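Predicted structure and sequence below. I'll ask about it afterward.
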Amino acid sequence: MNTSYNNDNKSDNLNNSTENEDFIDGCSDSDKDSILNDDYDIDSPDYDADDDYTDKDDIDEDDADAVFDRQEKAKKRSNIVRHIVLVISAAVFIFAAYNLINIFLAYHKADVIYDNINQDVLDEDSHTKVTIGEDEQPVEIPFTYNHQALLNINSQGIGYMYIPSIDCRLPMVQGDDNDYYLTHTFNKEYSANGCLFEDYRINGGLSASHVIIYGHNMRNGAMFGKLKSYQNYSFWNSAGNNVFYIYTGNVIKEYKIFSCYISEAISDTYTFNFPTLASMRDYAANMKAKSMYDTGVDVSNASQVITLSTCTNDGEQRFIVHGMYIGEASLE
């Protein structure tokens, strides 16, 4: 047992007792009565124990208020971001809708223009029966053509393209460059549809040994928009789909499609003004070899080739259809 500790303890208690007695002796009589009756704690300050809880409650309430404020600010920021996103989305939607409406209006305007030209140049109430080509069987064309009416609308007009398989019946021009008719219709109104046109650098117009006709690949199928159907052999091989016609002056010419393929925008496909018939035939043989499928058409005796050229859907390449002249008939 540690007697030293106990003795020290006793000594401390005695000292404390003595100090307390001295303190009591120095107090007034009323204070002495309070102290002796345990109403006064000598060793402790006068405080209310509930004050501790009040202070803690105040602190907890402050923390809760701070958390609430942070949550409210976060909600406000979230609402602001949400409103910004909604405004941007609405703006994008309105802009897209505006563009779509403009596109459809432009399509409609071009359709109306070419419908009116067809009414002026083609008589769809009077069908034409012609005997053309190798089999010399009569071919019925569902309209008659007025070349002078075409020239009255545009003096640069050279003829009419008719592709029965894709219901293409459109006027053609040969302009002063290869740019103007990319964005202008046959009657020279501005339009993204443009017009079918022959390369301005070709000598001889539609009588040249190799004629190149350009036309847009419109998404609504207008102009050469349906020409891509010829990427499928089954389409080409369907009855009557392997030919197209060109009206010019007072004759109608028939062409048999012998090659269809995708080409680069700059390639030997766009070769023209051949010096000899033999060089044109070599060209025709080379183009036939590029075809996506074998048409079985013999081009060794070709006297003229018509090339139809349009953009692919990505706009980077060109879809090509070659036709070989097989005969013509007078419209008089």
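Right, received. Where do you want to start?

mind listing the helices for the chain?
Remark: helices assigned in the chain by DSSP state H are 3-25, 29-36, 50-121, 147-153, 233-236, 277-289.

Show me the shaky parts of the stretch 101-250 of the chain.
Filtered on pLDDT under 70, the stretch 101-250 of the chain yields the residue ranges 133-136.

Please repeat the previous calculation with a cut-off of 90.
101-108, 124-142, 239-240 (pLDDT under 90).

how far out from the middle of the chain is stretch 152-164?
Chain-centre distance of stretch 152-164: 32 Å, with CA atoms, centre = their mean, to the nearest Å.

and the end-to-end length of it?
End-to-end distance for stretch 152-164, by CA to CA, to the nearest Å: 25 Å.

Name the residues of it that come out as buried.
Buried residues in stretch 152-164, counted by 16 or more other CB atoms under 10 Å: Ile153, Asn154, Gln156, Gly157, Ile158, Gly159, Tyr160, Met161, Tyr162, Ile163. All C-beta atoms are positioned from the backbone trio N, CA, C, and that covers glycine.

Pull the residues that contact it.
117, 120-122, 141, 145, 147, 150-151, 168-175, 186-188, 196, 198, 205-206, 213, 227, 240-241, 243-249 (CB atoms under 8 Å, 6 or more residues apart in numbering).

Report the buried members of those.
Looks like the contacts of stretch 152-164 have 117, 121-122, 141, 145, 147, 150, 168-175, 186-187, 196, 198, 206, 213, 227, 241, 243-248 buried, using 16+ other CB under 10 Å.

from those residues, which ones fall inside strands?
Among the buried ones among the contacts of stretch 152-164, the ones falling in strands (DSSP state E) are 122, 141, 145, 168-173, 196, 198, 213, 243-248.

Quick check: Ile153 vs Tyr162, distance?
Distance, Ile153 to Tyr162, using CB to CB, to the nearest Å: 17 Å.

again, but for Val297
20 Å.

ditto for Thr185
Where Tyr162 is concerned, Thr185 sits at a distance of 18 Å (CB to CB).

cool, Ala192 as well?
23 Å.

cool, Ala149 as well?
Ala149 is 16 Å from Tyr162, by CB to CB.

Find the nearest non-adjacent residue to Tyr160, please.
Spatial nearest neighbour of Tyr160, chain neighbours left out: Tyr247 (4.0 Å); criterion: CB to CB, 6 or more residues apart in numbering.

The one you found and His147 touch, don't they?
Yes. Counting by CB atoms under 8 Å, His147 is a contact partner of Tyr247 at 7.2 Å.

Would you confirm that Tyr181 contacts Gly194?
Yes. Contact criterion CB under 8 Å: Tyr181 and Gly194 qualify, at 5.4 Å.

which of these two has more neighbours?
Set Tyr181 next to Gly194 and count neighbours by other CB atoms under 10 Å: Tyr181 wins out with 26 against 22.

Can you name the residues that contact the more buried one?
By CB under 8 Å, 6+ apart, the neighbours of Tyr181 are Val173, Gly175, Gly194, Cys195, Leu196, Phe197.

Can you give me the neighbour number for the residue lying closest to the third one once chain neighbours are set aside?
By that I understand Gly194. Leaving aside its chain neighbours, Gly194 sits nearest to Leu182 (4.8 Å; criterion: CB to CB, 6+ apart). Leu182: 17 surrounding residues under other CB under 10 Å.
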